[in-house]
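Novice: below are the sequence and a predicted model for it; my questions follow.
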Amino acid sequence: MTRTQLVVLDMAGTTVADDGLVVAAFTRAIASVGVAEGSDDHARMLAYVHDTMGESKISVFRALLDRDEARAQAANAAFEAAYGDLVAGGACAPVPGAEEAIAELRAAGVKVALTTGFGGDTQQAILKALGWTSVADLALCPADAGRGRPYPDLVLTALLRLGVDDVRAVATAGDTAFDVLCGLRAGASVAAGVLTGAHDRAALEAAGATHVLDSVRNLPAVVLGDPAFARP
């Protein structure tokens, strides 16, 4: 069995508690392009946002706004600004046990990359707010990799930048079906789903998750070989 050299982790909902921040920021964003909270369009769009959690946010806005690039870019900018305001206001916290899990993996010689569907400025604001600027070996957003989830680019970019020589030596974890698909498409041996975010067990299993865990704090046991978490 190939030893795990790299773990690629999602942020919001996986290592960073969401607590409704994405929905709040989304509501402000679409209001900025004329979609009122409580309207039928708002409800439809919110359902789509939930279903596509984990995808690059600009891709989500393009789909919602009929490929109108100007409106999509405006909505995405409003989303990033709103999320940044919430983070700056203190509405940002780690998932319990996440920082300890990352530390345990790195202490065992496993490299860790943090990835997101947010833009780079928002990602960096979250990392600074948590005091996490050096918590992992690498942090990537979709612009760093070419395409966001569910494409494999984020995982493969992490592999290349951190000098990992085999996709089978990679493990991934995230709270959405798109996180799982991203890991599987990249060839990761472990593509785990966690139950601290957007999608439930049924959605994660339907996406093909190799493991469904209560939290990212359980991931070191999977990666470092606890037989209780062996693949079914």
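Specialist: Nice, thanks for sending it over.
Novice: F178: what's it in contact with?
Specialist: By CB atoms under 8 Å, 6 or more residues apart in numbering, the contact set of F178 is T52, M53, G54, E55, R149, P150, A207. Every residue, glycine included, has its C-beta placed from N, CA and C.
Novice: which of these are buried?
Specialist: T52, M53, G54, E55, R149, P150, A207 (16 or more other CB atoms under 10 Å).
Novice: do you know how far I102 is from D137?
Specialist: For I102, the distance to D137 equals 10 Å [CB to CB, to the nearest Å].
Novice: what about those two, which has more around it?
Specialist: Applying other CB atoms under 10 Å to I102 and D137 shows that I102 carries more neighbours, namely 25 against 18.
Novice: quick check: chain neighbours aside, which residue is closest to that one?
Specialist: Closest residue to I102 apart from its sequence neighbours, by CB to CB, 6 or more residues apart in numbering: V112 at 5.3 Å.
Novice: sorry, back to before: by pLDDT, give me the weakest of the contacts of F178.
Specialist: Least confident of those in the model: G54, at 75.
Novice: that one touches G174, doesn't it?
Specialist: Yes. At 6.1 Å, G54 and G174 qualify as touching, with contact defined as CB atoms under 8 Å.
Novice: where does pLDDT dip in the chain?
Specialist: 1-2, 226-232 (pLDDT under 70).
Novice: next up, the contacts around the closest residue to A91 other than its chain neighbours.
Specialist: For A91, ignoring the flanking residues on the chain, the nearest one in space by CB to CB, 6+ apart is L21 at 6.0 Å. Listed by CB under 8 Å, 6+ apart, the contact set of L21 reads A12, Y83, L86, V87, A91, C92.
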